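Participant: Fold the following, please.
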Amino acid sequence: MSQVVGDLVNSANNGRPVYITHLRDRFEALPASGSFVLVAHLEGFDKDDRGFAFRLPRFSTLERDERTMVTEYVLACLYNIISTLGGRGLALGARDDDDEGAELTAAFEREFGISQTRLARPGYGRAVNVSERMDEAISPSIAASGGAFRVNVLREGAVPAPERPVGRGDGIADICALATSDLLGTAICGMDIGGTDIKICLTVDGKVARLVEYDWFPAAFTGMDQMIDPILLLVRLMRLEGAQTRRTADTATLASVLAPAFTPGAPLAVIEAAVVAGERLLSEPFLLDAIGVCFPDVVVRDKIVGGEVYKTRGMRAHLGSSYEGEFRRLSGLAAALGASVHPDGVVGIVNDGPMAAFTAAVELGAVDPASIKDGVFAHTLGTELGTGWVTEAGEIPDIPLEIYNCIIDLGSYPERQFAPDDVRSVLNFNTCLAGTLQKYTSQSGVFRLAAKYLPEQDPVLFADLLDRGLLTQTAEGLIVPTEPKDMRKPLLEFLMQAAERGEHPAVDRIFREIGEFLAVAWRESMWLLNPAVGERILFGRLVKRRACFDLMVEGARTIAPAMELVVADDEMANTDLMRQLRDDKRYTVAQFAQAIGAVHYANYRRNLASRPRTAEPASARAGSGS
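Facilitator: Residues are numbered from 1 along each chain as shown. A predicted model of the protein is given here:
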């Protein structure tokens, strides 16, 4: 075994993580005499090319399992690049190699399924699928010509393209004012669509009129109507609530008719019956001024274009070759929602990650505009990891930014043996790739670490999880039941309460390790994007209890001492709408901040639409994310 990789292979075999950032540090320190350089040149969507260089050990010095780890490292780096930045093509080359470059290029083309159809592409190739769909949305001529992701070979390993240029302009300074002004006289709906629920906020004349939480499980859906219909129905419900608030109908009768729909846990059939009955009471439809939506998939210019996320897994499996056509219906969600707004109204859709960054920019900019001069970078920690970036120029870049799909762990070999749905597994639900952030920093990461540590370190607590039905051993493995009742939220809440009590060291360890994973993600994002801002703002269920967040901070500092984490809690409630949410007796900022942010984003877009076209910041046309 070589000294370069051998000990890391042993760590992986023993179930320990091997962080991609650690491997990169080790390889970059190699002497030129025992290494070579692989160069990757990414062709961006709008001539925004990027270059990356990887120093690697010569293959002749490696044992077979070490060579496997090095090859996996290269594939993971390229996968992270495409998952984060997208692009139209990739050129690969090598310097000072002994044919290793040609071997790695062939491995890339094979493992990413470059010559295969989207339906047939293997795990790594899912990132290529997203890039192609995104390119079609950005450049319709690409779709018309049947353009596909291109792979080229660089001549003699050309020098990589320069780093991302520093953004120019002061667009970010305008965000807060445009998002919060002129709310009087408007009715706006903000939607936070997640993997376990949809959260909705209706504002009328700058006041929060209604907050609604609707539970669902889109990963189990087999048809696109199951996803689209509830979204449209809930917006119709908000329109009726707007009519009631504005007193454009018999409010007492309308309130009585709608009451069953607002009952917690109301099934879709009950909501639909209430909406149909309520609409009969109106002499004319009540239309909204704007709708803002954060959606858990890649979004570009208000079009949902990803199609490879966990939420659509059931449809991909069930629809097969017809999935591509059906998914285009979801891509047109903005047009469908347009029927619920005035003719001059606005529908704005972005990924939930960029919505978190936008929300933070508005709230922070409300009290200290200088604090966001370098931009805002945020994560949502819930069903999965969402990532958002508003640059120093006030732009939401047109890139996938699917950080949750990035591979951070090239080890943990024993945990690769479990099927993806087994909570002990490190395999991605969608791609079956090992070591992606989906199984590390989201609720799945909490569940996985609980199954890893509690049986030995806190067997009484683990037995309690089983007795409560929060975890169940089945023929398919150890799972969190979703039928007849979805136990994902209750399991996460149980573990977070245990951390808050401070009586279970094994639970504390879980949340510290989540912090470690966030720190590795931070280092990887800095390598991929080189953002001016270093701070990471956290939203979502995993940080709604301060004790859990504090443990994450402890863990993060062991990997990246300079990393600064900020929780989006009541202290970030600076705008009028967010303060109204903070003062609500039933819901918290951590729960509904994204829905409030969606209202602000819709209003931002509405105000931008009234500006001269030449003055429109680039962020008005953007909206991509993880």
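
Participant: Do you know the pLDDT at residue 160?
Facilitator: As predicted, residue 160 sits at a pLDDT of 65.

Participant: next one: residue 227
Facilitator: pLDDT for residue 227: 94.

Participant: all helices of the stretch 201-350 of the chain, in order?
Facilitator: Secondary structure of the stretch 201-350 of the chain (DSSP state H, counting those that start in this stretch): helices at 225-245, 251-258, 268-280, 313-319, 323-331, 333-337.

Participant: buried set for stretch 568-578?
Facilitator: 568, 569, 572, 573, 574, 575, 577, 578 (16 or more other CB atoms under 10 Å). C-beta here means a position set from N, CA and C on the backbone, and glycine is covered the same way.

Participant: Sorry, wrong one. I was asking about stretch 254-262.
Facilitator: Neighbour counts using 16+ other CB under 10 Å place 254, 257, 258, 261 of stretch 254-262 among the buried residues.

Participant: same check, this time on stretch 123-137
Facilitator: Buried residues in stretch 123-137, counted by 16+ other CB under 10 Å: 123-137.

Participant: Pick the most deeply packed of the helices of the stretch 201-350 of the chain.
Facilitator: Stretch with highest mean neighbour count among the helices of the stretch 201-350 of the chain: helix 225-245 (a mean of 20; mean count of other CB atoms under 10 Å).

Participant: What are the structural domain limits within this structure?
Facilitator: Domain assignment for the chain by automatic domain parsing gives 6-153, 174-354+573-620.

Participant: deepest of the ones you listed, which one?
Facilitator: Among the domains of the chain, domain 174-354+573-620 has the highest mean neighbour count (mean count of other CB under 10 Å), at a mean of 20.

Participant: for the chain, where's the lowest mean pLDDT among helices and strands?
Facilitator: helix 140-144 (a mean of 63; mean pLDDT, DSSP states H and E).

Participant: export the strand or helix carrying residue 175 as PDB, just CAs?
Facilitator: Counting by DSSP states H and E, the element that carries residue 175 is helix 175-180. The C-alpha trace of helix 175-180 is given here as PDB (Å, rounded to 0.1, in the frame of the first residue of the first chain):
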ATOM      1  CA  ILE A 175     -33.200  44.000  -3.000                       C
ATOM      2  CA  CYS A 176     -34.700  44.900   0.400                       C
ATOM      3  CA  ALA A 177     -36.400  48.100  -0.800                       C
ATOM      4  CA  LEU A 178     -37.900  46.500  -3.900                       C
ATOM      5  CA  ALA A 179     -39.100  43.400  -1.900                       C
ATOM      6  CA  THR A 180     -40.800  45.300   0.900                       C
END
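
Participant: on contacts alone, who are the packing partners of that helix?
Facilitator: The contact analysis (3 or more CB pairs under 8 Å, 6 or more residues apart in numbering; DSSP states H and E) places helix 175-180 against helix 352-365, helix 589-609.

Participant: can we see that at 10 Å?
Facilitator: Contact here means 3 or more CB pairs under 10 Å, 6 or more residues apart in numbering; DSSP states H and E; on that basis helix 175-180 packs against helix 352-365, helix 576-582, helix 589-609.

Participant: counting contacts, what elements does the shortest one pack onto?
Facilitator: To tie it back to what came earlier, the one meant is helix 576-582. Judged by 3+ CB pairs under 10 Å, 6+ apart, the packing partners of helix 576-582 are helix 175-180, strand 197-204, strand 207-215, helix 352-365, helix 589-609.
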